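Engineer: Generate coordinates for the sequence data below:
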Amino acid sequence: MTTEKPTPQPPVITIYTDGSSRGNPGPGGFGIVLMCGQFRKDVACGYRRTTNNRMELLGVITALEMLKIPNSNVTIYTDSKYVADAINQNWIYGWIKKGFNKVKNPDLWSRFVRIYKQHNVKFVWVKGHADNQYNNRCDQLAVAAATGNNLLVDEYFEANENENTLQL
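Structural biologist: This is a model prediction of the structure:
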């Protein structure tokens with residue numbers, strides 16, 4: 001008699017993200033709250049010169065890149081219409097077809113698509129600076145990261161700043 005082990009179900013993961021910049025462009029950061037069962041991890045990172053939209057998107061990318069199990073069921077809560085609408089309104093598929101030509105932040109959107117395809121991801125827009133404890137925590141993390149020391153370099157943005165500034 002053989003007994004087959006049941007196939008483990010992919011984990012259910014909840015992620016909250018927020019981005020911040022102190023000036024647009026200016027110093028920026030993102031905050032993440034990642035939860036799976038009893039596990040919770042808060043993450044933040046700051047950059048010396050970037051934009052709010054880049055930090056919103058980079059927070060999502062970083063959170064997804066932290067996941068270790070492919071095909072995880074992920075719900076991402078964000079107060080960024082820029083990020084949520086790109087997925088929920090299916091803009092991303094048109095951008096992919098165009099090779100991200102004339103799209104803001106093509107480096108990050110390309111990176112996003114690679115990691116997005118590895119999971120089952122749903123985006124939920126939440127109102128920022130409202131009564132959502134996890135969104136508020138992400139905002140605190142993002143602001144602290146943006147105003148902290150040892151800020152990283154957003155190399156793509158700084159190398160292309162003149163072009164990026166025109167697209168704000």
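Engineer: and residue 53, helix, strand or coil?
Structural biologist: helix (DSSP: H, G, I helix; E, B strand; the rest coil).
Engineer: so it touches residue 19, yeah?
Structural biologist: Yes - with contact defined as C-beta atoms under 8 Å, residue 53 and residue 19 form a contacting pair (7.3 Å). Every residue, glycine included, has its C-beta placed from N, CA and C.
Engineer: Next, find the distance separating the residue nearest to residue 48 when sequence neighbours are not counted from residue 12.
Structural biologist: By the measure of C-beta to C-beta, 6 or more residues apart in numbering, the closest residue to residue 48 outside its immediate chain neighbours is residue 151, 4.0 Å from it. Residue 151 sits 34 Å away from residue 12, going by C-beta to C-beta, to the nearest Å.
Engineer: same thing with residue 88?
Structural biologist: Counting by C-beta to C-beta, the gap from residue 88 to residue 12 is 20 Å.
Engineer: picking up where we left off before, so which of residue 151 and residue 12 has more stuff around it?
Structural biologist: Taking neighbours as other C-beta atoms under 10 Å, residue 151 and residue 12 compare with residue 151 leading, 18 against 13.
Engineer: which residues sit in contact with the more buried one?
Structural biologist: 27, 46-48 (C-beta atoms under 8 Å, 6 or more residues apart in numbering).
Engineer: what residues are up against residue 128?
Structural biologist: Taking C-beta under 8 Å, 6+ apart, one finds 18, 79, 135, 139 in contact with residue 128.
Engineer: so the second one sits right up against residue 18, yeah?
Structural biologist: Yes - taking contacts as C-beta under 8 Å, residue 79 lies within contact range of residue 18: 6.2 Å.
Engineer: Next, show the common contact partners of those two.
Structural biologist: Listed as contacting both residue 79 and residue 18 by C-beta under 8 Å, 6+ apart are 128, 135.
Engineer: hang on, the earlier thing: any common contacting residues for residue 53 and residue 19?
Structural biologist: Joint contacts of residue 53 and residue 19 (C-beta under 8 Å, 6+ apart) are residue 80.
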